[in-house]
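**Q** Have a look at this prediction, sequence included:
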Amino acid sequence: MPRRHRSSTWPRRIPLRDVSLYVDVVGHGEPLVLMHGGPSADLWTLGAFRQLADQFTLVFYDHRCNGRSTGPRVSSMTWENLTADADALREHLGFDEWAVLGHSFGGHVALEYALRYPQRVSRLVLLDTGADSRWARENAPSLLRERGWDPGRADLVRRWFTADFTPRDYFPIFWRISSADMPHHGFRGMLRELATGGWRTRMRREPFLFAGRSLLPGWSVTDRLGEITAPTLVVAGREDFVFPPECQAELVAGLPHAELRLVDEAGHSPQDEFPNQVLPAVRRFLAAVPDPRPGPGG
């Protein structure tokens with residue numbers, strides 16, 4: 001049985017392995033760990049999902065080198081460490097297994113986690129993510145040009161996802177391209193994110209630059225998706241420029257037990273744009289009676 005967690009003791013830092021992870025645990029019921037995007041964002045960017053705390057134990061945390069987590073230098077942010085941190089947190093909290101939700105870069109971590117720790121994943125939710133870094137690094141700039149962006153501004157997107165800029169340019173570029181995240185609901189979506197805790201977000205440039213230059217170039221697990229046996233829900237905005245519908249189709253085609261939910265008129269953060277669609281879909285998926293896992297050779 002998982003340990004009980006008193007809300008008065010969270011959020012806090014938990015020393016694990018060679019890091020101190022900033023963690024927040026809320027709610028009650030079956031556990032769900034939420035892996036934030038970025039990298040450079042933190043757990044507060046997934047605040048919309050706190051509405052699920054009436055039915056699930058929600059475990060939010062900042063990846064190593066992100067948000068308020070502390071520890072070694074950014075070069076330690078490898079797939080091996082990112083996934084091992086998550087599993088050490090699971091063990092520390094006393095869960096035999098948990099459902100895993102990953103948004104954007106957090107979806108990459110979730111996929112790596114499901115491949116490395118398959119027996120620990122009861123269900124998998126992939127939110128606006130992909131199994132190959134080329135979608136953001138190569139496809140996003142050309143897609144925005146097709147949508148009417150001028151070449152100069154579209155090139156900022158290329159520079160953003162390839163980390164082709166200096167640390168001082170991080171925030172200026174971020175603000176110039178941020179409207180692409182929520183093409184129809186930017187202001188309203190931003191207000192929702194701020195209201196659910198986004199105002200607490202601590203953005204850090206170093207992990208984003210490291211990932212763009214060292215972690216993500218050439219990264220792909222597309223040819224290994226068939227190894228993931230956990231029931232999977234793939235959710236994305238139909239107008240997401242980072243991981244468009246073609247990317248989601250690739251995910252669903254490669255995953256043995258996946259279902260797809262595209263949200264009309266939503267971009268890269270449908271949980272903030274249309275929470276009334278995304279949250280019920282996630283709730284139903286997580287609460288569904290699971291099918292028996294296939295045995296060896298079956």
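**A** Yes, it's here. Numbers count the residues shown, from 1 in each chain.

**Q** and the gap between the residue nearest to Tyr117 when sequence neighbours are not counted and Ala140?
**A** Computed as CB to CB, 6 or more residues apart in numbering, the closest residue to Tyr117 that is not its neighbour in sequence is Asp87, at 5.2 Å. C-betas here are computed from N, CA, C, even on glycine. Applying CB to CB, to the nearest Å, the value for Asp87 to Ala140 is 31 Å.

**Q** before we move on, what SS does the residue nearest to Tyr117 have?
**A** Following DSSP: H, G, I helix; E, B strand; the rest coil, we place Asp87 in the helix state.

**Q** thinking again about what came up before, of Asp87 and Ala140, give the one with the bigger neighbour count.
**A** Ala140 (24 against 17; other CB atoms under 10 Å).

**Q** contacting residues around the residue nearest to Tyr117?
**A** Tyr113, Arg116, Tyr117, Arg120 (CB atoms under 8 Å, 6 or more residues apart in numbering).

**Q** okay if I get those as TSV plus distance to Pro172 and neighbour count?
**A** As requested, the contacts of Asp87 are arranged in TSV below (distance: CB to CB, whole Å; neighbours: other CB atoms under 10 Å):
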residue	distance to Pro172	neighbour count
Tyr113	33	26
Arg116	37	16
Tyr117	39	16
Arg120	40	20
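
**Q** could you dump those to a markdown table with pLDDT, distance to Leu286 and secondary structure?
**A** Below are these laid out as a markdown table (pLDDT from 0 to 100; distance: CB to CB, whole Å; DSSP: H, G, I helix; E, B strand; the rest coil):
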| residue | pLDDT | distance to Leu286 | secondary structure |
| --- | --- | --- | --- |
| Tyr113 | 98 | 17 | helix |
| Arg116 | 98 | 22 | helix |
| Tyr117 | 98 | 18 | coil |
| Arg120 | 98 | 16 | helix |
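
**Q** Show me the two of those residues that sit farthest apart.
**A** Pairwise distances across these (CB to CB) peak at 9.1 Å, for the pair Arg116 and Arg120.

**Q** what's the spacing between the residue nearest to Tyr117 and Leu43?
**A** In this structure, Asp87 lies at 17 Å from Leu43, with CB to CB as the measure.

**Q** Any idea which residue is closest to the centre of the protein?
**A** Central residue check for the chain by CA atoms, centre = their mean: the C-alpha nearest the mean position is that of His103, 2.1 Å away.

**Q** For it, give me the pLDDT.
**A** Reported pLDDT at His103 in the predicted model: 98.

**Q** can you check the one 3 residues further on too?
**A** At Gly106 the predicted local confidence, pLDDT, stands at 98.

**Q** Likewise for His184?
**A** At His184 the predicted local distance difference test score is 66.

**Q** what does the longest strand seen in the chain rub up against?
**A** Determined from DSSP state E, the single longest strand within the chain is strand 19-27. Under the contact criterion CB under 8 Å, 6+ apart, strand 19-27 has outside partners 5, 7, 10-14, 42-43, 50, 52-62, 64, 67-72, 76, 85, 89, 93.

**Q** circling back to that earlier point, now, among the contacts of Asp87, which is nearest to Glu227?
**A** Within these, proximity to Glu227 (CB to CB) peaks at Arg116, which comes in at 10.3 Å.
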